[in-house]
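Engineer: Just the structure for this:
(one chain, ligands or ions: 2)
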Amino acid sequence: MSQIHVRAQPGDVAPYVLLPGDPNRARHIAETYLEGAREYTSHRQLLGFTGTYQGVPVSVQTTGMGCPSAAIVAEELARLGARTLIRVGTLGGATPSVAPGDLVIATAAVPNDGTTRQMLGGAPYAPAASFEVVEASVQAARASGAPHHVGLVMTEDAFYASTPEHARLWAGRGVLGFEMEASAIFLVAAQRGLRAACLTACSNDIGDPQLVPDDVLAAGVDRMVRVALDAIVTLAARD
Ligand SMILES: O=P(O)(O)O[C@H]1O[C@H](CO)[C@@H](O)[C@H]1O
Ligand SMILES: O=c1cc[nH]c(=O)[nH]1
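Structural biologist: Residues are numbered from 1 along each chain as shown. Ligands and ions are numbered 1, 2, ... in the order given. This is a model prediction of the structure:
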């Protein structure tokens with residue numbers, strides 16, 4: 001049955017799904033990395049494509065920005081048969097050690113968002129990535145030589161509310177950077193028995209609206225996507 005937002009039929013979506021926030025990144029990934037990519041939905045600009053990477057069926061599905069949209073997409077992907085969700089996003093660095101374009105592999109997301117708060121009824125919870133997917137991603141990052149960091153991110157709702165002071169406070173608690181979807185994807189995945197991970201490329205410093213230069217960000221995004229796809233190949237060989 002087609003879903004309300006991700007307008008696809010069972011069989012359209014592969015078990016392994018990359019999740020960018022940005023529909024243009026979804027199209028870029030499909031056109032650059034997937035063989036035989038076919039667009040299965042464009043409803044609400046939540047573009048979705050399925051093709052293969054090194055013989056493994058892979059989908060790339062746009063989440064849109066923020067946890068409300070990401071939670072809907074993750075839930076509907078679960079209903080459509082997805083089994084492994086890997087967010088491939090951008091993040092604001094919380095510490096100077098995360099350089100422009102660097103890859104951040106999240107182990108867990110501090111849930112500073114309203115979606116998981118509602119889903120949990122306010123109960124304390126630690127939305128965490130799948131160890132298997134994190135391990136495969138770290139292995140792929142090391143093999144590729146991509147500069148990378150592994151640790152906490154914070155998921156938030158209010159992009160423009162974040163300040164350098166807020167970033168420093170949370171960097172002191174181990175947060176590497178801020179993004180807007182991971183906590184919801186991790187929680188939906190846990191509830192639905194899926195594996196999930198979040199890979200991000202650093203696009204700016206928190207509180208600084210200046211993006212890193214286009215070529216630096218594009219190179220970081222491409223390194224991140226290759227790491228995610230190589231992790232999928234590793235996981236598919238084990239599954
Ligand atoms: O580049 P994407 O994947 O959209 O991720 C980040 O960029 C958007 C904010 O600019 C939010 O969605 C945030 O999580
Ligand atoms: O949530 C985000 C994502 C990228 N950059 C930011 O500053 N915040």
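Engineer: next helix or strand past the helix or strand hosting Gly89?
Structural biologist: Secondary structure assignment for Gly89, by DSSP states H and E: strand 84-93. Read in the C-terminal direction, the helix or strand following strand 84-93 is strand 103-112, with elements assigned using DSSP H and E.
Engineer: What is that following strand packed up against?
Structural biologist: helix 131-144, strand 148-156, strand 175-179, helix 182-192, strand 195-205, helix 214-238 (3 or more Cβ pairs under 8 Å, 6 or more residues apart in numbering; DSSP states H and E). Every C-beta, even on glycine, is put in place using the N, C-alpha and C of the backbone.
Engineer: at 6 Å instead, please
Structural biologist: Here strand 103-112 is seen to pack against strand 148-156, helix 182-192, strand 195-205 when contacts are counted using 3 or more Cβ pairs under 6 Å, 6 or more residues apart in numbering; DSSP states H and E.
Engineer: Direction included, what does the strand holding Gly89 pair up with?
Structural biologist: The sheet places strand 84-93 alongside strand 16-19 (parallel), strand 175-179 (antiparallel), strand 195-205 (parallel), with pairing taken from DSSP bridges.
Engineer: rewinding a little: so which of the helices and strands packed on strand 103-112 gets nearest Gly55?
Structural biologist: Comparison of the helices and strands packed on strand 103-112 against Gly55 by Cβ to Cβ identifies strand 195-205 as nearest, at 20.2 Å.
Engineer: Can you read off the pLDDT for the residue of the chain found nearest ligand 2?
Structural biologist: Residue nearest to ligand 2 within the chain: Gly92 (2.5 Å; Cβ to the nearest ligand atom). Note on Gly92: pLDDT of 96.
Engineer: shouldn't it be in contact with Asp208?
Structural biologist: No: look at Gly92 against Asp208 with Cβ atoms under 6 Å: they stay out of range, at 8.0 Å.
Engineer: So these two - more neighbours on which side?
Structural biologist: The residue with more neighbours, out of Gly92 and Asp208, is Gly92; 24 against 13, by other Cβ atoms under 10 Å.
Engineer: Residues in a beta bridge with that one, which ones?
Structural biologist: According to DSSP bridges, beta-bridge pairing links Gly92 with Phe178, Asn204.
Engineer: ok, now which ones touch the nearest residue to Arg117 once chain neighbours are set aside?
Structural biologist: In this structure, Arg117 finds its nearest non-sequential neighbour in Pro111, 7.2 Å apart by Cβ to Cβ, 6 or more residues apart in numbering. By Cβ atoms under 6 Å, 6 or more residues apart in numbering, Pro111 lies in contact with 127, 155, 183.
Engineer: tell me the contacts of the first one?
Structural biologist: The neighbourhood of Pro127, defined by Cβ under 6 Å, 6+ apart, consists of 109, 111, 183, 186-187.
Engineer: Could you measure from the closest residue to it other than its chain neighbours over to Val138?
Structural biologist: Using Cβ to Cβ, 6+ apart and skipping residues adjacent in sequence, the residue nearest Pro127 is Phe186, 3.7 Å away. Phe186 sits 17 Å away from Val138, going by Cβ to Cβ, to the nearest Å.
Engineer: Start and end of stretch 110-129, how far apart?
Structural biologist: This stretch, stretch 110-129, spans 12 Å end to end (Cα to Cα, to the nearest Å).
Engineer: more neighbours, Phe186 and Val138?
Structural biologist: Set side by side, Phe186 and Val138 show more neighbours around Phe186, with 29 against 17, by other Cβ under 10 Å.
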